[in-house]
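Asks: Fold the stuff below for me.
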Amino acid sequence: LLDPEQLVADAAEARRLGAELVIVSLHWGNEGQHAPTDEQRRIAGLLTGSGQVDLIVGHHAHVVQPIEQINGVWVIFGLGNVLSNMPTGTFPASSQDGMVVTVAVHRDAEGRFRWLRPAVTPTWVDRDDGWRVITLADALADPALGPGRRSVLEASMARTRAVVGGFVDGGTQP
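Replies: Numbering: from 1, shown residues only. Coordinates of the predicted model:
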């Protein structure tokens, strides 16, 4: 069970021990559900409002979830599956979708940190070819890609874009 008060206390202790940045990784959300739950939003609000947490990275839903700023802090609700073997009879096709998220941080002259907008690299798990993780943009740029596979990968890209929007196209802006 997630205990937001304990997470804030742990983050404060990490800072007391010298941590300059605190990133919290949370196992949360409903499996197969792209939209964050009310509980995810409540916890994100408490953590980001504490002043102790600099970034939240979530996982567990087995599908891509949105990226938002809450109280000025980036919250990556769910990375989807970077590697999975979730059966599509039980889980949706989107359980093969994932994303690698890059979030750059810069320290200014006064020593303050500034987080840049996250950048998403969409991925897809090819369970039929040894559970390979495919970077969608690279695969879709291959002119030799067959029409059947192209259709599957385009659908994955469309699902990821529908959830995380402009983060797919780059995130180097503040």
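Asks: what sits against A44?
Replies: 36, 56, 70, 75, 77 (C-beta atoms under 8 Å, 6 or more residues apart in numbering). In this view, the C-beta of every residue, glycine as well, is placed from N, C-alpha and C.
Asks: List just the nearest of those residues to P4.
Replies: Distance to P4 across those (C-beta to C-beta) is lowest for I56, with 11.2 Å.
Asks: Mind listing the strands the longest strand along the chain pairs with, and their directions?
Replies: In terms of residue count, the longest strand belonging to the chain (DSSP state E) is strand 119-126. According to DSSP bridges, strand 119-126 forms sheet pairs with strand 97-102 (antiparallel), strand 132-135 (antiparallel).
Asks: my read: H106 touches R112, true?
Replies: No. If you go by C-beta atoms under 8 Å, H106 and R112 don't touch, sitting 9.4 Å apart.
Asks: Also compute the angle for the biggest helix by length in the chain relative to strand 119-126, please.
Replies: In terms of residue count, the longest helix belonging to the chain (DSSP state H) is helix 147-164. Per axes from the mean of the first three to the mean of the last three C-alpha atoms, to 10 degrees, the angle that helix 147-164 makes with strand 119-126 is 140 degrees.
Asks: Helix 147-164 - contacts with which helices or strands?
Replies: strand 97-102, strand 119-126, helix 136-140 (3 or more C-beta pairs under 8 Å, 6 or more residues apart in numbering; DSSP states H and E).
Asks: mind putting the ones you listed in a markdown table, mean pLDDT included?
Replies: Converted to a markdown table, the helices and strands packed on helix 147-164 look like this (pLDDT from 0 to 100):
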| stretch | mean pLDDT |
| --- | --- |
| strand 97-102 | 95 |
| strand 119-126 | 94 |
| helix 136-140 | 94 |
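Asks: okay, those in JSON lines with mean neighbour count and distance to V22 next?
Replies: Listed next are those as JSON lines, based on neighbours: other C-beta atoms under 10 Å; distance: least, C-beta to C-beta, whole Å:
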{"stretch": "strand 97-102", "mean neighbour count": "21", "distance to V22": "17"}
{"stretch": "strand 119-126", "mean neighbour count": "22", "distance to V22": "21"}
{"stretch": "helix 136-140", "mean neighbour count": "16", "distance to V22": "31"}
